[in-house]
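[1] show me the folded form of this:
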Amino acid sequence: MARLERALISVSDKIGIVEFSRELQHLGVEIISTGGTSKLLKG
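    Next up, the predicted model:
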């Protein structure tokens, strides 16, 4: 099975997205995000 290296995250409903992206980062996944999602994740 291929390893997930990057994830593009761009959502309108941001409930739970911070926790979700932290879990992905914990697994070594690079997070790429857009606009408001990026601002929220960079907090």
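[2] Lys14 reaches Gly36, doesn't it?
    Yes - counting by C-beta atoms under 8 Å, Lys14 touches Gly36, with 7.4 Å between them. C-betas here are computed from N, CA, C, even on glycine.
[3] buried residues of the helix or strand of the chain with the lowest mean pLDDT, list them for me.
    Every helix and strand in the chain was compared by mean pLDDT, DSSP states H and E; the lowest is helix 35-42, with a mean of 94. By neighbour count on 16 or more other C-beta atoms under 10 Å, the buried set for helix 35-42 is Thr37, Leu41.
[4] wait, is Leu4 part of a strand?
    No - with DSSP: H, G, I helix; E, B strand; the rest coil as the criterion, Leu4 is assigned coil and is not in a strand.
[5] packing partners of the least confident helix or strand of the chain?
    helix 17-26 (3 or more C-beta pairs under 8 Å, 6 or more residues apart in numbering; DSSP states H and E).
[6] tell me the pLDDT at the residue nearest the centre of the chain?
    The residue lying closest to the centre of the chain (C-alpha atoms, centre = their mean) is Ser21, at 3.7 Å. Note on Ser21: pLDDT of 96.
[7] the one 4 residues further on now?
    Looking at Gln25, its pLDDT stands at 96.
[8] swap in Lys14?
    95.
[9] run through who's touching the least confident helix or strand of the chain.
    With contact meaning C-beta atoms under 8 Å, 6 or more residues apart in numbering, helix 35-42 is reached by Ile9, Ser10, Val11, Lys14, Ile17, Val18, Ser21, Ile31, Ser33.
[10] could you rerun that using 10 Å?
    When contacts are defined by C-beta atoms under 10 Å, 6 or more residues apart in numbering, helix 35-42 is touched by residues 8-12, 14, 17-18, 20-22, 25, 31-33.
[11] please apply the same query to stretch 1-8.
    Against stretch 1-8 from outside (C-beta under 10 Å, 6+ apart): 20-21, 24-25, 27-34, 37.
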